[in-house]
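S.K.: quick check, what structure comes out for this input:
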Amino acid sequence: MTLLETTSANAFLAQYKRLLCAIAAKPLKIINDYSEARKALYKDGFNKSFAFDSSYEESFVNAVKNATYGMFVYAKKYRSGYALKASDDTWFCVKALTTPLEEMIPEWCVIDTAVLPYGGLIVCDGLIVYRHISIGPNMIAAMT
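M.R.: Numbers count the residues shown, from 1 in each chain. Predicted coordinates:
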């Protein structure tokens, strides 16, 4: 299974959208709005000036506070998840939330996203900014 269970994914997304709107202090309409709010959230690691109110689940708050945000290489799909390599060379096997990554981006490409521990799994936050950079076979061989 490469997707998070539907109930958990929907709970995460509802809280994440609400959080990003609160950070932006306005309704968000397009992906660029959400992406800019996410940048503000994870500025300098995690923007500690944001105070979570009691309406957020503790597991969600912990996930956001422990997220890894930035540039990743999306390598490929496996049975148990998607292989992402962070810019610090850490590999993650993540679950997608509601849309399989292979429906959004090609294998071996560079993306911006956030990876978070949520519900006992590592998940991709669902905001995928595809940088239109593909990784060639020689670079793949050097990375694996």
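S.K.: tell me the mean pLDDT over the longest helix belonging to the chain?
M.R.: When the chain is parsed with DSSP state H, its longest helix is helix 6-24. What helix 6-24 shows for mean pLDDT is 95.
S.K.: show residues contacting that helix.
M.R.: Applying CB atoms under 8 Å, 6 or more residues apart in numbering, the external contacts of helix 6-24 come out as 3-4, 27-28, 33-34, 36-38, 40-41, 47, 50, 52, 56-57, 60, 63-64, 97-98, 118-119, 123, 125-126. All C-beta spots, glycine's among them, are computed from the backbone N, C-alpha and C.
S.K.: quick check: residue 69 touching residue 114?
M.R.: Yes. Counting by CB atoms under 8 Å, residue 69 touches residue 114, with 4.2 Å between them.
S.K.: mind listing the shared neighbours of these two?
M.R.: Counting by CB under 8 Å, 6+ apart, the contacts common to residue 69 and residue 114 are 38, 42.
S.K.: got the contact list for the helix or strand that contains residue 92?
M.R.: With elements taken from DSSP states H and E, the one containing residue 92 is strand 91-94. Defining contact as CB under 8 Å, 6+ apart, one finds that strand 91-94 is touched by 68, 72, 78, 80-86, 115, 121-124.
S.K.: using CSV, write out every CA atom in that strand.
M.R.: Taking Å, rounded to 0.1, in the frame of the first residue of the first chain, the C-alpha atoms of strand 91-94 are listed here in CSV:
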residue,chain,number,x,y,z
TRP,A,91,16.4,8.2,2.4
PHE,A,92,12.7,8.0,3.3
CYS,A,93,10.0,5.4,2.4
VAL,A,94,6.9,7.5,2.5
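S.K.: buried stuff in it?
M.R.: 92, 94 (16 or more other CB atoms under 10 Å).
S.K.: kindly report the same for stretch 13-25.
M.R.: Neighbour-count burial for stretch 13-25, with 16+ other CB under 10 Å as criterion, is recorded at 15, 16, 19, 20, 22, 23, 24.
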